[in-house]
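> got a structure for you, letters missing:
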């Protein structure tokens, strides 16, 4: 399964967690139950990457939302459209996780925004995620400088 498809699924599950105010485990279970009834009579293969993204983003939600709010300049996370908010949360989690280069994470998020949201959202998300990236890079550079001293 492609990582892009896993991210696509993760946005859907994070949206469900957010809007319905349910724990990630329940939202993941609901997602698989929906696939089982819609796509096939056979059990659907577990998407481990999607599960990791959802659980990781939910476990660091407060930290992620703080980064997003600082980078979005005058936008509170709860005031953002739910789809945009959850795409940003997913991407911010991946930026914090640091397993992929920031440009890859941001490009993936913008693709999701093109699919699920509007053109205005793409530009807004690009700016916010670039702000999160810069903040994380500055923090990392500062920590590295402290280690040298």
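Received, thanks. Since the structure is predicted, the reported quantities are computational estimates derived from the model, not experimental observations. Numbers count the residues shown, from 1 in each chain.
> How far off centre is the helix ranked longest in the chain?
Longest helix of the chain, by residue count under DSSP state H: helix 119-148. Centroid displacement of helix 119-148 relative to its chain, using C-alpha atoms, centre = their mean, to the nearest Å, is 15 Å.
> Need the mean per-residue confidence for it.
Average pLDDT, helix 119-148: 89.
> Below-threshold pLDDT in the chain: ranges please.
For the chain, applying pLDDT under 70 flags the ranges 1, 36-43, 147-149.
> Which residues are in contact with the most centrally placed residue in it?
Centroid-nearest residue in the chain, with C-alpha atoms, centre = their mean: residue 90, separated by 0.5 Å. Going by C-beta atoms under 8 Å, 6 or more residues apart in numbering, residue 90 touches 7, 10, 11, 14, 53, 57, 109, 112. Quick note: C-beta positions are derived from backbone N, CA and C, even for glycine.
> From the contact counts, what lies against the longest helix of the chain?
Contacts defined by 3 or more C-beta pairs under 8 Å, 6 or more residues apart in numbering; DSSP states H and E place helix 119-148 against helix 61-72, helix 82-97, helix 102-116.
> and the angle from it to helix 102-116?
160 degrees (axes from the mean of the first three to the mean of the last three C-alpha atoms, to 10 degrees).
> now helix 119-148 against helix 61-72, angle please.
Using the same axes, to 10 degrees: helix 119-148 against helix 61-72 is 110 degrees.
> Now do the buried residues in helix 119-148.
121, 122, 124, 125, 128, 129, 131, 132, 133, 136 (16 or more other C-beta atoms under 10 Å).
> what inclination does that helix have with respect to helix 82-97?
Calculated by the same axes, to 10 degrees, helix 119-148 forms an angle of 20 degrees with helix 82-97.
> Having no further points to raise, I will conclude here.
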